[in-house]
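Colleague: what follows is a predicted structure for the sequence shown.
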Amino acid sequence: MTIPKKFQIFDEHVELSDKDAERLSVYLSGWMSLHAFLLQGVNDADIRRLVIIEIMGMRRLSILDRLMSRLNTNQRKKIQTKLKIALQ
């Protein structure tokens, strides 16, 4: 699947295959299905793909805010882990 350049909002280039879009788009049907999916421990790459799918589709700000919040939380946890190791 080709992502238009204006939707490549992340520093790292996001690859989105048709299989990824098919697999992930079902979780964007509503907040409850997305919430249940996020509780399973989704990786950052899939969260970025979900953001791209959402901004290419319905553009619901509430869903985008929650996805970006989860992405920020994951990144903060990684940094905190590295910080704890560095301070030992």
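Modeller: Thanks, I have it. Residues are numbered from 1 along each chain as shown.
Colleague: so what touches the strand or helix carrying residue 21?
Modeller: Assessed by DSSP states H and E, residue 21 sits inside helix 18-25. For helix 18-25, the external contacting residues (C-beta atoms under 8 Å, 6 or more residues apart in numbering) are 1, 46, 49-50, 53, 57. Where you see a C-beta, it was placed from the backbone N, CA and C, and this is true even at glycine.
Colleague: between these, which is nearest residue 81?
Modeller: Of all those, the one with the least separation from residue 81 (C-beta to C-beta) is residue 46, at 20.0 Å.
Colleague: quick one, what contacts the closest one?
Modeller: By C-beta under 8 Å, 6+ apart, the residues touching residue 46 are 20, 24.
Colleague: which helix or which strand is home to it?
Modeller: helix 44-56.
Colleague: how about that helix: buried residues?
Modeller: For helix 44-56, a neighbour-count test (16 or more other C-beta atoms under 10 Å) marks 47-55 as buried.
Colleague: chain center to that helix: distance?
Modeller: With C-alpha atoms, centre = their mean, to the nearest Å as the basis, helix 44-56 stands 5 Å off its chain's centre.
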